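J.: predicted coordinates and the sequence they were generated for:
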Amino acid sequence: MRVAVMTAGSRGDVAPFTGLGHGLARAGHEVTLVTHERFGPLAEAAGIGFRPLPVDPLAELESASGRGLHRSGTGAGKLVRVVALARAVAGELSGGLLAAAADSDLLLLSVSVAPLGLAIAEGLNLPSLGVYLQPHAVTGEFAPPMIGTRSLGRSGNRLATRAVNAAVDAVFTEAVHELRAGLGLPRAGSRAARRAREAGNWPVLHGFSERIVPRPADWRSGLRVAGYWWPYDAPSTALPAGLSAFLDAGPPPVFVGLGSATTPDPERVGATVVRALRAAGLRGVVQSGWAGLRAEGDDMLTIGEVPHRDLFPRMAAVVHACGAGTTAAGLRAGVPAVPVPVQFDQSFWAARLTALGVAPGAVPLRGLTAPALTAALRKATGDESYRVRARALAALLAREDGIGPVLAAVEARAGG
């Protein structure tokens, strides 16, 4: 069966689908990853097909509108800005998604393209499934991850999630109207489409573990938590020679990276990180990432992209922005974390790590200081209980099979 896995966004919105796609391909399906052109090498490495989409997410974050995200100090404020940013580029994705779907038998849609993908699936009469990396459905059990972590009470949480969903719908309204018109479908907005799929119990599988976020009891039956989809890394992957030498030259260092998050002042952030690590008596491996972080000195090493699967187990702790993918990688490695959330769902995942006892608490990037980060580092690396809990949780996650439920759903959906 020809399966198109469609997603858009940063590396963290793409990498887990390379592992999922590889698993489906091993089961005999012809899998194509449909996403931004810069991520084509990830699909190639995973042995799956690739169809490029326009729009460079890094370029958008570095644009004037993208830099404006840092001027908002609240989750709601950032959401308003990112909705405006995404609305400007949503329509550019439609043509590439439609072309890929025309050569497919089944669509797997991430939340970032679901409104467009569902219109295409309806127009081409194709079955589809949702494959989400974060919880997005209305629930009273927690506030919407996109805007923060503080619970507003059961009624308030539901109301806030509906408001977030309405904001996301606004991103795609014009693009969905144009797409449906081109497909000869009746006029309907993305909000109407969302309500229709909820009423029809459209199936959505979530790529995280119930041990990390238990399935809310008030979710509709079509929403399932499948387990993690680990990014594909070749079995023979080896760490770069310079990095291996650094690791062997002293005690386990601390990893620091913001992944696909950006910052308006990378030099200040890098200097703050170095001061904190040295004050805590720790060596550091600093991943440059999209933020462009750097660290200098014999006790520090700046690196580029390295598989977290191979690097994180050798760390004393991992300091990261708590995107869904890096959060998962740290949990998989069984090492303590120091969350430095920047925006959107990162505060949600940071709170989950703290609640699970594998992190001492979040140190948000906004207002980051060396003393605050030093204190968190000393606690995460000096209190053995964090490492014990992290290792125990990693052992449990290693027994889970996140791909199996998706494979079963794919085959059931095709048969239906």
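T.: Cool, got the structure.

J.: contacts, neighbours, all on C-alpha from now
T.: Fine.

J.: part of a strand, is residue 108?
T.: Yes. Using DSSP: H, G, I helix; E, B strand; the rest coil, the assignment for residue 108 is a strand.

J.: just use 15 as the starting number from now, easier for me
T.: Sounds good: first residue 15 from here, last item residue 122.

J.: how many residues are close by it?
T.: Other residues lying near residue 122 total 27 when counted by other Cα atoms under 10 Å.

J.: how close does it sit to residue 417?
T.: Between residue 122 and residue 417 the computed distance is 13 Å (Cα to Cα, to the nearest Å).

J.: ok, now residue 166?
T.: When Cα to Cα is the yardstick, residue 166 and residue 417 sit 34 Å from each other.

J.: mind checking which of these two has more residues around it?
T.: Neighbours per residue, other Cα under 10 Å: of residue 166 and residue 417, the larger number sits with residue 417, 21 against 16.

J.: which residues touch the more buried one?
T.: The contact partners of residue 417, by Cα atoms under 8 Å, 6 or more residues apart in numbering, come to 34, 37, 38, 240, 241, 242, 243.

J.: one more: residue 382?
T.: Residues counted as contacts of residue 382 (Cα under 8 Å, 6+ apart) are 283, 286.

J.: what about it, helix or strand, and which?
T.: Mapping residue 382 onto the secondary structure by DSSP states H and E places it in no helix or strand at all.

J.: now do the one 5 residues further on
T.: Using DSSP H and E, residue 387 falls within helix 384-396.

J.: can you list contacts of that helix?
T.: Under the contact criterion Cα under 8 Å, 6+ apart, helix 384-396 has outside partners 286-287, 289-291, 293-294, 330-331, 350-352, 373-375, 377, 400-401.

J.: show me where pLDDT drops low in this structure?
T.: 71-102, 163, 203-214, 250-251, 276, 428-430 (pLDDT under 70).

J.: residue at max distance from the center of it?
T.: Residue distances from the centre of the chain (Cα atoms, centre = their mean) peak at residue 198, which lies 33.9 Å from the mean C-alpha position.

J.: so it sits against residue 137, correct?
T.: Yes. Using Cα atoms under 8 Å, residue 198 makes contact with residue 137 at a distance of 7.3 Å.

J.: so where's the longest strand in the protein?
T.: As assigned by DSSP state E, the longest strand anywhere in the chain is strand 44-50.

J.: give me the distance from it to the chain's centre.
T.: Relative to the mean C-alpha coordinate of its chain, strand 44-50 is positioned 17 Å out (Cα atoms, centre = their mean, to the nearest Å).

J.: now it - C-alpha only, CSV.
T.: What follows is the C-alpha trace of strand 44-50 in CSV, where atoms were taken according to Å, rounded to 0.1, in the frame of the first residue of the first chain:
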residue,chain,number,x,y,z
GLU,A,44,5.5,1.9,0.2
VAL,A,45,6.0,4.9,2.4
THR,A,46,6.7,8.5,1.3
LEU,A,47,7.5,11.4,3.7
VAL,A,48,5.9,14.6,2.5
THR,A,49,7.5,17.6,4.2
HIS,A,50,9.9,20.6,3.7
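
J.: ok, and for the next helix or strand after it, which residues are buried?
T.: Following the chain from strand 44-50 toward its C-terminal end, the next helix or strand by DSSP H and E is helix 54-60. For helix 54-60, the buried set under the neighbour-count rule, 16 or more other Cα atoms under 10 Å, comprises 54, 56, 57, 60.

J.: likewise for stretch 247-258?
T.: Of all the residues in stretch 247-258, those buried under the rule 16+ other Cα under 10 Å are 247, 257.

J.: run through who's touching that stretch.
T.: For stretch 247-258, contacts defined as Cα under 8 Å, 6+ apart pick out 33, 59, 60, 315, 317, 320, 321, 323, 324, 325.

J.: for the first one, helix, strand, or coil?
T.: Per three-state DSSP, the secondary structure class of residue 33 is helix.

J.: confirm residue 106 sits in a strand?
T.: No. When classified by three-state DSSP, residue 106 is found to be helix rather than part of a strand.

J.: could you pull up phi and psi at the residue nearest to it when sequence neighbours are not counted?
T.: Spatial nearest neighbour of residue 106, excluding adjacent residues (Cα to Cα, 6 or more residues apart in numbering): residue 68 at 6.6 Å. Main-chain torsions, residue 68, degrees, to the nearest 10: phi -70, psi 180.

J.: wait, residue 68 sits on residue 109?
T.: No. In this structure residue 68 lies outside contact range of residue 109 using Cα under 8 Å: 9.1 Å.

J.: mind listing the helices for the stretch 315-430 of the chain?
T.: For the stretch 315-430 of the chain, the helices identified by DSSP state H, counting those that start in this stretch occupy 322-325, 338-347, 360-369, 384-396, 398-412, 417-429, in order along the chain.

J.: including distance to residue 160, could those go into CSV?
T.: Formatted as CSV, the entries for the helices of the stretch 315-430 of the chain read as follows, by distance: least, Cα to Cα, whole Å:
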stretch, distance to residue 160
helix 322-325, 24
helix 338-347, 12
helix 360-369, 8
helix 384-396, 24
helix 398-412, 25
helix 417-429, 24
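
J.: figure out which of these is closest to residue 265.
T.: Proximity to residue 265, assessed across the helices of the stretch 315-430 of the chain by Cα to Cα, is greatest for helix 384-396 (11.9 Å).

J.: extract the C-alpha trace of the closest one and format it as PDB.
T.: Output of helix 384-396 as PDB, limited to C-alpha atoms (Å, rounded to 0.1, in the frame of the first residue of the first chain):
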ATOM      1  CA  ALA A 384      23.600  31.600  35.300                       C
ATOM      2  CA  PRO A 385      22.800  31.300  39.000                       C
ATOM      3  CA  ALA A 386      19.400  29.700  38.300                       C
ATOM      4  CA  LEU A 387      20.800  27.300  35.700                       C
ATOM      5  CA  THR A 388      23.700  26.400  38.000                       C
ATOM      6  CA  ALA A 389      21.300  25.500  40.800                       C
ATOM      7  CA  ALA A 390      19.300  23.300  38.500                       C
ATOM      8  CA  LEU A 391      22.400  21.600  37.100                       C
ATOM      9  CA  ARG A 392      23.800  20.900  40.600                       C
ATOM     10  CA  LYS A 393      20.500  19.400  41.600                       C
ATOM     11  CA  ALA A 394      20.000  17.300  38.500                       C
ATOM     12  CA  THR A 395      23.500  15.800  38.600                       C
ATOM     13  CA  GLY A 396      24.100  15.700  42.300                       C
END
